[in-house]
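**Q** Have a look at this prediction, sequence included:
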Amino acid sequence: MTFRSLAIALLLVAGVAHAADAPSVKANGGWLRVLPGNLPAGGYVSFENVSDRTVSIVGASSPDYASAMIHRSSTDGGMGRMEMVDSVPLPPKGKVAFSPGGYHVMLMDSKHPVKPGDRIMVTFELSDGENLPVTFLARPANATGPTD
Ligand SMILES: [Cu+2]
């Protein structure tokens, strides 16, 4: 084995060890707002980047909905609107909250009826290649948080 190939082998081993590390992002307080009919449901959760580098949320999917997208709500001259977001950066050791009026995961076309009290799994795709599964508690249309 040459020195060069040994160095590459060590890098590969380091890469595997890194992949087995604890997740770089933690999530908690996941909830979603169930609206009547089959209207899209907004999902909210707090993310914490526990690593020392920036990690971005770059996608989402759920086995319970045909489509999941990252959106951001804003008010523009008093009119509520929302836009698709490709990437939500979480700064090193930083927190970002998905909350009503701001970032949310928009869950569209549920594959089965979802009612308050149900638990829905959403998997977030991170820029470092990790997948972060998060449980969301379904809450009624008038809920303002995970417990109220
Ligand atoms: Cu939305």
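**A** Arrived safely, thanks for sending.

**Q** Show me the strands in this structure, by range?
**A** For the chain, the strands defined by DSSP state E cover 25-33, 41-49, 55-61, 65-76, 79-84, 88-90, 95-98, 103-110, 119-126, 131-139.

**Q** Mean pLDDT and distance to the ion for those - can I get that in a markdown table?
**A** Placement of C-beta: from N, CA and C, glycine included. Formatted as a markdown table, those follow (pLDDT from 0 to 100; distance: least, Cβ to the ion, whole Å):
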| stretch | mean pLDDT | distance to the ion |
| --- | --- | --- |
| strand 25-33 | 97 | 11 |
| strand 41-49 | 98 | 6 |
| strand 55-61 | 98 | 12 |
| strand 65-76 | 94 | 3 |
| strand 79-84 | 90 | 4 |
| strand 88-90 | 98 | 13 |
| strand 95-98 | 98 | 11 |
| strand 103-110 | 97 | 4 |
| strand 119-126 | 97 | 14 |
| strand 131-139 | 97 | 14 |
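
**Q** Which stretch among those is buried most, on average?
**A** strand 41-49 (a mean of 22; mean count of other Cβ atoms under 10 Å).

**Q** And that one, what does it pack against?
**A** strand 25-33, strand 65-76, strand 88-90, strand 95-98, strand 103-110, strand 131-139 (3 or more Cβ pairs under 8 Å, 6 or more residues apart in numbering; DSSP states H and E).

**Q** neighbouring contacts of the third one?
**A** To tie it back to what came earlier, the one meant is strand 88-90. Residues from elsewhere that reach strand 88-90 (Cβ atoms under 8 Å, 6 or more residues apart in numbering): 25, 47-49, 54-57, 70, 96, 103.

**Q** rerun at 6 Å
**A** With Cβ atoms under 6 Å, 6 or more residues apart in numbering as the test, strand 88-90 has contacts from 47, 49, 54-57, 96.

**Q** What is the nearest of these to residue 111?
**A** residue 57 (22.9 Å; Cβ to Cβ).
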